[in-house]
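Visitor: show me the folded form of this:
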Amino acid sequence: MSPLETLSLVLGAGFSSGLNLYATIATLGLLQRFGIIHLPEHLQVLAHPLVLAIAGVLYVMEFLADKVPYIDSVWQAIHTFIRPPAAAVLAFSATAAAPEPWRWAAALLAGGIALTSHGTKASARAAANISPEPLSNWALSFGEDLLAVWLTWFATAHPTVAIIVVVVLLAISLYLLFHLFHFLRRTLRKLAET
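Guide: Just a heads-up that it's a prediction; the model follows:
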C-alpha cells in the first residue's frame, strides 16, 4: 500500500470503528477475502474465517442492542473502552512497514478519531432515547451501520477523497458533540428543576 492508501485506511477505519467496530472489521476482512483489496500483511488476518465469524456474531449482537433504547446506551458506554483502542490497534497494524514513531502516531490518530465518532454516536443515542418514539433509534442505528461499511470500503477504494470525507465527518462530529452536550446540559437542568 502507498502512504496515501495507508493514511486513508487509518483515517477511514478509525472513524468507522468508532461507529461500529465489528462492521468495520467484517468489511475489511471480506474485502480482503474476496480479493477486492489487499490489506497490509499484518491486517490480512481479518480475512480468516474465525475472525470473520466472531466479527459477524458481535455485529449481530450490536445490531440488536442498538435497536433498544437505553440498552443501546449501556452498549455504547461499554464500547467506549473497546472501539478507540481497537481502532488504534488496526492503525498500528496497518502501518507495520513504517518507522516506529509513525506507527504510534497513526495509532494515536486513529484512536482519537474513533473516540470522536464514538462520542458523537453515543451522545446522539442518548438524545434520541429522550424521544418517546422508537424510530429515531432505528434510523440512527441503520445510518451508522451503513456509514461504517461504506466508509470502510470507500477508504480503500478512493483514498484521496476518503481523507477529505473523514476530515469533513470529523468537523461535523465535533459540531454535533458541542451542540449535543449543551442540549444534554439544558435537559438535565430542566429535569433537576422539576
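
Visitor: run a quick neighbour tally on the closest residue to Val68 other than its chain neighbours.
Guide: Nearest non-adjacent residue to Val68, counting by C-beta to C-beta, 6 or more residues apart in numbering: Asn137, 7.7 Å away. Bear in mind the C-beta positions are built from the backbone N, C-alpha and C, glycine included. The number of residues packed near Asn137 is 22, by other C-beta atoms under 10 Å.

Visitor: buried sites along the host helix or strand of Asn137?
Guide: Asn137 is part of helix 135-157 when elements are defined by DSSP states H and E. Under the neighbour-count criterion of 16 or more other C-beta atoms under 10 Å, helix 135-157 has 136-137, 140-141, 144-145, 147-149, 151-156 buried.

Visitor: pLDDT on that helix, on average?
Guide: Mean per-residue pLDDT for helix 135-157: 93.

Visitor: phi, psi for Ile36 please.
Guide: With angles defined as degrees, to the nearest 10, Ile36 sits at phi -70, psi -40.

Visitor: quick revisit: for the helix holding Asn137, packing partners?
Guide: helix 3-33, helix 100-130, helix 159-193 (3 or more C-beta pairs under 8 Å, 6 or more residues apart in numbering; DSSP states H and E).

Visitor: hmm, try it at 6 Å
Guide: If you count contacts as 3 or more C-beta pairs under 6 Å, 6 or more residues apart in numbering; DSSP states H and E, helix 135-157 packs onto helix 3-33, helix 100-130.

Visitor: mind giving me the packing neighbours of the first one?
Guide: The criterion is 3+ C-beta pairs under 6 Å, 6+ apart, and the helices and strands that helix 3-33 contacts are helix 49-65, helix 83-94, helix 100-130, helix 135-157, helix 159-193.

Visitor: CSV for those, including distance to Leu31?
Guide: As requested, those are exported to CSV (distance: least, C-beta to C-beta, whole Å):
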stretch, distance to Leu31
helix 49-65, 11
helix 83-94, 13
helix 100-130, 18
helix 135-157, 6
helix 159-193, 14
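
Visitor: which of those is buried the deepest?
Guide: helix 83-94 (a mean of 24; mean count of other C-beta atoms under 10 Å).

Visitor: pLDDT (mean, whole number) over that one?
Guide: Helix 83-94 shows a mean pLDDT of 97.

Visitor: alpha carbons of it, as CSV, please.
Guide: Taking C-alpha atoms only, helix 83-94 is exported to CSV below (Å, rounded to 0.1, in the frame of the first residue of the first chain):
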residue,chain,number,x,y,z
ARG,A,83,-13.7,0.9,20.0
PRO,A,84,-10.9,3.5,20.3
PRO,A,85,-8.2,1.0,21.4
ALA,A,86,-9.3,-1.4,18.7
ALA,A,87,-9.0,1.4,16.1
ALA,A,88,-5.5,2.2,17.4
VAL,A,89,-4.5,-1.5,17.0
LEU,A,90,-5.9,-1.6,13.5
ALA,A,91,-3.9,1.6,12.6
PHE,A,92,-0.7,0.2,14.3
SER,A,93,-1.0,-3.0,12.3
ALA,A,94,-1.8,-1.2,9.0
